[in-house]
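Chemist: Sequence and predicted structure are below.
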Amino acid sequence: MRRALLPLTLLCVFSLGWPRVLRAWHAADLEPVLDRSAVHPLAEGLARHQLGVWTAQTPAASAARTREANPEWDFMGRTFLAWSAANLALREPARKAERLAAMDQLIARTLELEARHGFRSFLMAYGQGDGYVARPARSLFVDGEVALMIALRRLVEDRPADRALLQARLAVMEQQLRASPLFAAESYPDECWTFDHANAMAAFRIADVIDGTDHSALIAGWLRVAKERLVDPATGLLVSSYRLDGTVKDGPEGSTIWLTAHALDLIDPPFAADQYARARLHLDHSIAGFWLAREWPAGSAAQTDIDSGLQLPIVEASPSSSAFALMAAANFGDSEALGGLMASLTFAAFPVHDATGTHFAVSNAVGDSVILYALTLGPAWDLVKRGHP
């Protein structure tokens, strides 16, 4: 779902006059995604390939290319794969040890890189300097996703050493968030991302369930600011990025809001459902049963960047937004959107099945990890909502 082959492929399909037949065929594939005690065959293939890419003794060439293209993608490839492994362990208890071993390797290698090179090693060039406003300089992007990796590992099976590891990370995050009247923390110099705050709040929520701690006031404070200061007046969607003083930088974006809605579902389900419904209203794009997602609401000022990725003309679609939309549709059990997005993905992104597992020809390592998470999420959030056994 990454390159401009998608619109050409879809146009060819439409011209043949049988897209609705394909759409009905792909709908049968939804049950393993929505049934949280099963694993979709596509997810199994993606997991096998991705674990080979990210946990091999000598990292695969594709992982090296990912890091060279964008250190963020290298980092997110690891985190989304670790989150996926947690859900896979819960979906298939018989393979829990195998999945946890993969998680442990991913977490250990990520922490080792951070310890050796610092958090900036996971950031793009403009995050490498010392222009951070808060001191000591930190990135909520890095801290939040690492915390969520460790929290999910503990949710599946706790270990004493991991408690201290998680609580130390959360303490640093809490200190920075509470130092701001807007409960805002930088991901890049004077740049705060709703995506990263939502992930951080999810990590706090999981920790409270596991450890009996109470970060409810912190979570409520950020939610209050988000609802009062960070909602786009035209669409009612949360904006994507803002400065420490609350000045909006980027309005609503698909590559942010779909994941944000998923994370919000753990801390404020009604608000999460509202954001998902609004995102569907403003970003969904369906053509003859095939679903895609726009990056920006119609008529909004938009500026393409590396997060928003390639925007496909004619079909008005964003591969990045579409992948995250798959995640949100699975989270909210939206079979209509999920079926349409799966149809587009499995037909037009050219899945390659070989001895290493499955990958998408028009995706990359981080894109495949995001898709894997979309196909496996659910069991971990369910545990937290039940208050953990």
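Modeler: Yes, it's here.
Chemist: What are the boundaries of the helices in the stretch 51-200 of the chain?
Modeler: Across the stretch 51-200 of the chain, reading from the start of the chain, the helices by DSSP state H, counting those that start in this stretch fall at 61-69, 71-91, 96-117, 140-156, 160-178, 194-211.
Chemist: Which neighbouring elements make contact with the longest one?
Modeler: Secondary structure elements in contact with helix 96-117, counted by 3 or more Cβ pairs under 8 Å, 6 or more residues apart in numbering; DSSP states H and E, are helix 41-55, helix 71-91, helix 140-156. Quick note: C-beta positions are derived from backbone N, CA and C, even for glycine.
Chemist: Show me what counts as buried in it.
Modeler: 96, 99, 100, 102, 103, 104, 105, 106, 107, 110, 113, 114 (16 or more other Cβ atoms under 10 Å).
Chemist: distance between it and the chain's centre?
Modeler: 18 Å (Cα atoms, centre = their mean, to the nearest Å).
Chemist: What mean pLDDT does it get?
Modeler: In this model, helix 96-117 has a mean pLDDT of 95.
Chemist: which residues sit against it?
Modeler: The contact list for helix 96-117 (Cβ atoms under 8 Å, 6 or more residues apart in numbering) reads 51, 54-55, 75, 78-79, 81-82, 85-86, 88-90, 92, 121-122, 142, 146, 149-150, 152-153, 156-157.
Chemist: Helix 41-55 and that one, what's the angle between them?
Modeler: Direction vectors for helix 96-117 and helix 41-55, defined by axes from the mean of the first three to the mean of the last three Cα atoms, to 10 degrees, enclose an angle of 40 degrees.
Chemist: State the number of residues packed around the residue lying closest to residue 129 once chain neighbours are set aside.
Modeler: Closest residue in space to residue 129, ignoring its immediate chain neighbours: residue 189 at 6.9 Å, by Cβ to Cβ, 6 or more residues apart in numbering. A count of nearby residues for residue 189, using other Cβ atoms under 10 Å, gives 19.
Chemist: coming back round to it: how about the helices and strands packed on helix 96-117 in CSV, adding mean pLDDT, mean neighbour count and distance to residue 342?
Modeler: Rendered in CSV, the data for the helices and strands packed on helix 96-117 read as follows (pLDDT from 0 to 100; neighbours: other Cβ atoms under 10 Å; distance: least, Cβ to Cβ, whole Å):
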stretch, mean pLDDT, mean neighbour count, distance to residue 342
helix 41-55, 91, 21, 9
helix 71-91, 96, 25, 17
helix 140-156, 98, 25, 24
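Chemist: Out of these, the one nearest residue 354 is which?
Modeler: Distances from residue 354 to each of the helices and strands packed on helix 96-117 were compared using Cβ to Cβ; the shortest belongs to helix 41-55, at 8.3 Å.
Chemist: tell me what that closest one is packed against?
Modeler: helix 31-34, helix 61-69, helix 71-91, helix 96-117, strand 351-354, strand 357-360, helix 365-376.
Chemist: Spatially, which residue comes closest to residue 153, not counting chain neighbours?
Modeler: Leaving aside its chain neighbours, residue 153 sits nearest to residue 103 (5.1 Å; criterion: Cβ to Cβ, 6+ apart).
Chemist: any idea which of the buried residues of helix 96-117 is closest to residue 255?
Modeler: When the buried residues of helix 96-117 are compared for distance to residue 255 (Cβ to Cβ), residue 110 comes out closest, at 21.8 Å.
Chemist: could you measure that closest one against residue 201, distance?
Modeler: As for residue 110, its distance to residue 201 is 21 Å (criterion: Cβ to Cβ, to the nearest Å).
Chemist: Equivalent analysis for residue 113, please.
Modeler: Using Cβ to Cβ, residue 113 is found at 25 Å from residue 201.
Chemist: Please apply the same query to residue 37.
Modeler: From residue 37 over to residue 201 (counting by Cβ to Cβ), the distance is 27 Å.
Chemist: More neighbours: the two, which one.
Modeler: When neighbours are counted by other Cβ under 10 Å, residue 37 and residue 201 differ, and residue 201 comes out ahead with 27 against 11.
Chemist: Verify the stated contact: the more buried one with residue 221.
Modeler: No - the pair formed by residue 201 and residue 221 falls short of the contact definition of Cβ atoms under 8 Å, at 10.1 Å.
Chemist: Now for the closest residue to residue 322 other than its chain neighbours, how many residues are close by?
Modeler: Counting by Cβ to Cβ, 6+ apart, the nearest residue to residue 322 once its immediate chain neighbours are dropped is residue 293, at 4.5 Å. Other residues within reach of residue 293 by the criterion other Cβ under 10 Å amount to 31.
Chemist: Need the three-state assignment for residue 36.
Modeler: coil (DSSP: H, G, I helix; E, B strand; the rest coil).
Chemist: Low-confidence regions, this protein specifically.
Modeler: Low-confidence segments of the chain (pLDDT under 70): 1-28, 57-68, 301-316, 389.
Chemist: how much space is there between the residue nearest to residue 322 and residue 46?
Modeler: 20 Å.
Chemist: Without its sequence neighbours, what residue ends up closest to residue 183?
Modeler: For residue 183, the spatially nearest residue (Cβ to Cβ, 6+ apart) is residue 222, at 4.1 Å.
Chemist: buried stuff in the strand or helix carrying that neighbour?
Modeler: Residue 222 is located in helix 216-229, with elements delineated by DSSP states H and E. Taking 16+ other Cβ under 10 Å as the basis for neighbour counts, the residues of helix 216-229 that come out buried are 218, 219, 221, 222, 223, 225, 226.
Chemist: Report the beta-bridge partners for the residue nearest to the last one when sequence neighbours are not counted.
Modeler: Of all residues beyond its chain neighbours, the one nearest residue 226 is residue 238 (6.2 Å), with distances taken as Cβ to Cβ, 6+ apart. With DSSP bridges applied, the residues forming beta bridges to residue 238 are residue 231.
Chemist: Residue 238 against residue 257, yeah?
Modeler: Yes - between residue 238 and residue 257 there is a contact under Cβ under 8 Å: 6.2 Å.
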